[in-house]
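> predicted model, plus sequence, below.
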Amino acid sequence: MPTRYLLMQTIWSRLKVPSLLCLTLSARLLAVDLEGELGLAKSATKNLLPADSDQAWSEIEAEAKPPAPPAEWRLQAPSSEQVLEFRKKKASGAALAADKAKEFQRRFKEHPKVGEALKLQRRLLEASISLGNTNRRPELKALRPDPEAEREIEETRVVNRRIEEAVAKARRQQGQGKDSVLIEFEAGLRQIQKENMNRPEIYRAFMEIAQLRGGEKSKELVAEILKAKGASRDIKDAALKLQKTFERLGKPVDVQFTALDGRKINLSEMKGKVVLIDFWATWCGPCVAEMTNVVAAFDQLQPKGFEIVGISFDEDKQAFANFVKKNKMVWPQYFEGTGWNNKFAKEFGIRGIPTMWLIDRQGNLRDLEARSDLVKKVEKLLSEK
């Protein structure tokens, strides 16, 4: 779908950082003609694809996927310049993938995917043009009409408009807290679902709610997404990862590392303690805002058997070390310097921070949402024998 390549942020971005949506819409309304800046050729003059047809098709499928927005945009709204630069990147990538789809049709005419290559070429050109690469319009116009694609475009436009309306209505509940916002948003989505049962946009929104709600509601939404025929493959993959996280409850968590200060940490050797695993970063506004409560909980409960293990998503080691020292965070910190690509983020499928897990005295994972009522939850686990 062409709208896959528009700069659509996640539903959480819209709910958590309203200014991000404003920046996104502003960038669209700028109607910037990027053809000069992108310097994209109308067509490639040399072969872009490998000689093997199946390998060529795999390459096209991979490059047709738009780049995801930077992870830090979930927590901090980008500037208009950053949004525009990201649009350029997406426009350029879509145009290049369109060239490859065109080449595939020319070189591999007998391949069973040649029809899909034509559809993909059209959608990629539409995406690139919508993002400002207007010099590809003649090429798109020269392609024969695709009624199916036109219907899909219109349906997508209508569903996205309805979802935006549901977002706006849900945001009116912000004064009542996150759960109230998400409950209202889900109610709006259910109404849309009655009219458009199998639209992938709806299940994408359900996935965002599942990642934020926690508890049984998240499990119910994940199960629904995994069964849904209309959910796209990437959303089902994300749902499966979240389901695996739920399955970790009640089981030991393997965390071993050498801390920033040189301490050797092995969670299995901390049995008898209640341990908070705090996935966080110094650039994460909510993480920093929460740190006062975390430090207070540690000072209050550490003598009773409470410990903390920090997993950092930072990249600047010195800045991170300075922050830890300044804020008197005396517990061990894991620092890899790779941001969202650190090994524990990948292993545990961490998709947002702050994320806080609680490990009981037996070394089993007991809580995936420890951020709320942290002291009460720790005291309860400490009281267990």
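Alright, I've got the coordinates.
> so which residues make contact with stretch 246-262?
Residues outside stretch 246-262 that contact it (Cβ atoms under 8 Å, 6 or more residues apart in numbering) are 218-219, 222, 264-268, 277, 309, 311-312, 317, 320-321, 324, 332-335, 344, 348, 357, 359, 363-366, 368. The C-beta positions use only the backbone N, C-alpha and C, and glycine is treated the same way.
> export that stretch as PDB, just CAs?
Extracted C-alpha coordinates of stretch 246-262, given in PDB (Å, rounded to 0.1, in the frame of the first residue of the first chain):
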ATOM      1  CA  PHE A 246       4.400 -13.200  28.600                       C
ATOM      2  CA  GLU A 247       5.600 -16.800  28.600                       C
ATOM      3  CA  ARG A 248       8.600 -15.800  30.600                       C
ATOM      4  CA  LEU A 249       6.500 -15.000  33.600                       C
ATOM      5  CA  GLY A 250       7.100 -17.500  36.400                       C
ATOM      6  CA  LYS A 251      10.400 -18.600  34.900                       C
ATOM      7  CA  PRO A 252      14.000 -17.700  35.600                       C
ATOM      8  CA  VAL A 253      15.600 -15.000  33.500                       C
ATOM      9  CA  ASP A 254      19.200 -15.400  32.400                       C
ATOM     10  CA  VAL A 255      21.100 -12.200  32.800                       C
ATOM     11  CA  GLN A 256      24.900 -12.200  33.100                       C
ATOM     12  CA  PHE A 257      27.300  -9.400  32.400                       C
ATOM     13  CA  THR A 258      30.200  -7.300  33.600                       C
ATOM     14  CA  ALA A 259      28.900  -4.100  34.900                       C
ATOM     15  CA  LEU A 260      30.100  -0.600  34.000                       C
ATOM     16  CA  ASP A 261      32.100  -0.500  37.300                       C
ATOM     17  CA  GLY A 262      33.600  -4.000  36.800                       C
END
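> off-centre distance for that stretch?
In terms of Cα atoms, centre = their mean, to the nearest Å, the centre of stretch 246-262 is set 23 Å apart from its chain centre.
> how about it: buried residues?
Residues of stretch 246-262 classed as buried: 253, 255, 257, 260 (neighbour count, 16 or more other Cβ atoms under 10 Å).
> just the ones of the residues you listed in strands?
Here DSSP state E is the test, and the buried residues of stretch 246-262 give residue 257 as lying in strands.
> among the buried residues of stretch 246-262, which one sits closest to residue 181?
In terms of Cβ to Cβ, no member of these lies closer to residue 181 than residue 253, at 30.0 Å.
> check contacts around residue 318.
The contact partners of residue 318, taken as Cβ under 8 Å, 6+ apart, number zero.
> what average pLDDT does the helix or strand harbouring it get?
Under the criterion of DSSP states H and E, residue 318 resides in helix 317-326. Averaging pLDDT along helix 317-326 gives 93.
> need the CA coordinates for that helix. CSV is fine.
Extracted C-alpha coordinates of helix 317-326, given in CSV (Å, rounded to 0.1, in the frame of the first residue of the first chain):
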residue,chain,number,x,y,z
LYS,A,317,29.7,5.8,27.7
GLN,A,318,31.2,8.8,29.4
ALA,A,319,27.9,10.7,29.4
PHE,A,320,26.2,7.6,30.8
ALA,A,321,28.8,7.1,33.5
ASN,A,322,28.6,10.8,34.5
PHE,A,323,24.8,10.6,34.8
VAL,A,324,24.9,7.4,36.9
LYS,A,325,27.4,9.0,39.3
LYS,A,326,25.6,12.3,39.5
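> now do it: distance to the chain's middle.
Centroid separation for helix 317-326 versus its chain: 27 Å, with Cα atoms, centre = their mean.
> can you give me the strands in this structure?
For the chain, strands defined by DSSP E occupy the ranges 256-258, 264-266, 274-280, 306-312, 333-334, 355-359, 365-367.
> list the contacts of the nearest residue to residue 140 once chain neighbours are set aside.
Nearest non-adjacent residue to residue 140, counting by Cβ to Cβ, 6 or more residues apart in numbering: residue 125, 4.4 Å away. Applying Cβ under 8 Å, 6+ apart to residue 125 gives the contacts 94-95, 98, 136, 139-140, 143.
> how about residue 224?
Taking Cβ under 8 Å, 6+ apart, we find residue 224 in contact with residue 206.
> residue numbering should commence at 49 henceforth.
Right, with 49 as the first residue, what we last looked at is residue 272.
> next, the buried residues of stretch 272-292.
273, 276, 279-280, 283-284, 286-287, 290-291.
> ok, so of those, who is nearest residue 129?
Among those, residue 286 lies closest to residue 129 (Cβ to Cβ), at 29.5 Å.
> burial measure for the closest residue to that closest one other than its chain neighbours, as a count.
Nearest residue to residue 286 in three dimensions, chain neighbours excluded: residue 255, at 5.7 Å (Cβ to Cβ, 6+ apart). If you count neighbours by other Cβ atoms under 10 Å, residue 255 ends up with 26.
> residue 99 too?
By the criterion of other Cβ under 10 Å, residue 99 has 9 neighbours.
> from residue 188, how far out is it?
28 Å (Cβ to Cβ, to the nearest Å).
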